[in-house]
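> Below are the sequence and a predicted model for it; my questions follow.
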Amino acid sequence: MTPMTRTDEKTGGAADGFAENKAKNTVVIKLSRDDPDPEKLKYCAEVIKKGGLVCFPTETVYGLGANAFDSEAVKNIFIAKGRPADNPLIVHIAGYDMLNIICRGGEEQRKRIALLGNAYWPGPLTMIADRDPAVPDEVSCGLPTVGIRMPDNKIALELIRLSGVPIAAPSANLSGKPSPSKAEHVIKDLFGRVDVIIDGGDCRVGVESTVLDITGDVPAILRPGAVTLEDVIKVLGKGELPDWKKAPKKGETPRSPGMKYTHYSPDAEVRIYDGSDIGGIRAFIEKEAEKEAGNGKKVGIFTTKEGAGAYDEKRFTVVYAGTRDDLLTVTHLLYGALRDFDKKGVDVVLAEAFPQTGVGNALMNRLYRAAGGCVIDIGGN
Ligand code: TXA
Ligand code: MG
């Protein structure tokens, strides 16, 4: 399947195949997260049934959805977001009845889905399992597997239920941009490219789900998220988190195609500063910031409340994203902060590194990709 024609370096071969003369009359519908208007939801479900594109909130990030069994609608997802044609989509389900029509996994896979589903569904966990041939090739880009997730958001679950079909959905951003954790991010990226954008408020988690491959002997996390390696091991007794910094060797097929792209990038250049002494890191960043500002650059700094007083707020755009004591909050605020830096015209973002434990893996993974792998280790004392 090649819905795109031109190539684009940043997205690794995708292109913005979307023709401006095909701009859609996007309808923005505001819905309460806890008590969504059923009539408005029915309208959105009709759009899905007719092969249209609906952006909807989940607890992780917003999704850009279409009927997972409608190949044409699925192709339109790739066009709307300029997504590389070899990056498969996650299929969202509202209940276990939908599992049987998309998953062909044997006894072991089913057992793992039941155990993990019981613990973390609905929730921020995508499981990669064997695909039933009923799921079109376009969804999985020809892979024999399919990503499955039951999102923890009433609007999302009701939309899937009323549509009567599983919904295939990537994050609702233009390819290469940070995933949207607020409706305004979706509107900025996709207005005119989709039929409906549901505004259901801010996403609770704020980064994408954990992607866990359950097809192998040892279940492997292909993309870290709010469900951590420790969580997986607690339920299944085993699991691994392969080093996501390692790029696949030439000719080697990555296990999760999405991870090879320089995803999650804001327009600003991002650099991460790591080391064993946070005080030293802050002093180093402040000096770097002065240097960059001296070169005429507008500088942004990504820190937490513990960094208060370390940076010159009058000269630099400093974002205090929660506290180091609660990395889930920092993770939750990351994408919004990256988009805000762009909005403020920041040229270069200097970010403090975070410990890679628990959800810190998800945080550092997204920060690392936003930085295109640029980590400066300043050592320690
Ligand atoms: O939280 C989320 O996962 C959000 C919400 C909307 O559910 N969705 C999301 O989708 O982040 P997307 O398309 O932006 O990322 C899906 C990731 C990609 O890295 C993709 O390569 C991987 O999951 N993936 C999907 N199907 C796969 C498969 N069959 N095998 C390996 N990786 C797969
Ligand atoms: Mg995405």
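Arrived safely, thanks for sending. Numbers count the residues shown, from 1 in each chain. Ligands and ions are numbered 1, 2, ... in the order given.
> ok, what's across the strand from the residue nearest to Ala337 when sequence neighbours are not counted?
Residue nearest to Ala337 in three dimensions, not counting chain neighbours: Val319, with 4.6 Å by Cβ to Cβ, 6 or more residues apart in numbering. (Glycine included, C-beta is placed from N, CA and C.) Note on Val319: beta-bridge partners by DSSP bridges are Phe302.
> Domain map for this structure?
Domain assignment of the chain by automatic domain parsing yields the ranges 18-236, 269-377.
> which one of the ones you listed has the most crowded surroundings?
domain 18-236 (a mean of 20; mean count of other Cβ atoms under 10 Å).
> wait, Lys24 sits on Leu190?
No: the pair Lys24 and Leu190 does not pass the contact test of Cβ atoms under 8 Å, sitting 9.6 Å apart.
> contacting residues around Glu269?
With contacts defined as Cβ atoms under 8 Å, 6 or more residues apart in numbering, the neighbours of Glu269 are 347-349, 374.
> and of those residues, the nearest to Asp130?
Within the contacts of Glu269, proximity to Asp130 (Cβ to Cβ) peaks at Cys374, which comes in at 37.4 Å.
> measure the closest one to Val270 for me?
In this view, Cys374 and Val270 are 7 Å apart by Cβ to Cβ, to the nearest Å.
> about what we covered before: could I get the contacts of Glu269 in TSV, plus columns for distance to Trp121, secondary structure and pLDDT?
Output for those, formatted as TSV (distance: Cβ to Cβ, whole Å; DSSP: H, G, I helix; E, B strand; the rest coil; pLDDT from 0 to 100):
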residue	distance to Trp121	secondary structure	pLDDT
Asp347	42	coil	98
Val348	40	strand	98
Val349	35	strand	98
Cys374	36	coil	92
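> Adding distance to His92, write the residues you listed out as a markdown table.
What follows is the contacts of Glu269, written out as a markdown table (distance: Cβ to Cβ, whole Å):
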| residue | distance to His92 |
| --- | --- |
| Asp347 | 37 |
| Val348 | 37 |
| Val349 | 32 |
| Cys374 | 33 |
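> Up against ligand 1, what does this protein have?
Taking Cβ under 6 Å from any ligand atom as the criterion, the chain approaches ligand 1 at residues 58, 60-61, 63, 87-90, 126, 128, 140, 143, 145-147, 149, 151, 169-171, 208-209, 211, 222-223, 256-259.
> ok, Ala172 touching Asp189?
Yes: if you go by Cβ under 8 Å, Ala172 and Asp189 touch, sitting 7.2 Å apart.
> who touches both of those two?
81, 180.
> For the chain, which residues score under the pLDDT cut-off?
Screening the chain residue by residue with the criterion pLDDT under 70, one finds the ranges 1-17, 19-21, 247-263, 381.
> show me where this structure has helices.
38-49, 71-81, 99-102, 107-120, 137-140, 154-163, 183-190, 229-236, 278-294, 327-343, 360-370 (DSSP state H).
> Relative to Ser265, which of the ones you listed is closest?
Sorting those by Cβ to Cβ, the top spot, which is the nearest, belongs to helix 360-370 at 5.5 Å.
> Would you mind getting the angle between that closest one and helix 327-343?
Angle between the axes of helix 360-370 and helix 327-343 is 20 degrees (criterion: axes from the mean of the first three to the mean of the last three Cα atoms, to 10 degrees).
> now helix 360-370: how far from the chain's centre is it?
Centroid displacement of helix 360-370 relative to its chain, using Cα atoms, centre = their mean, to the nearest Å, is 11 Å.
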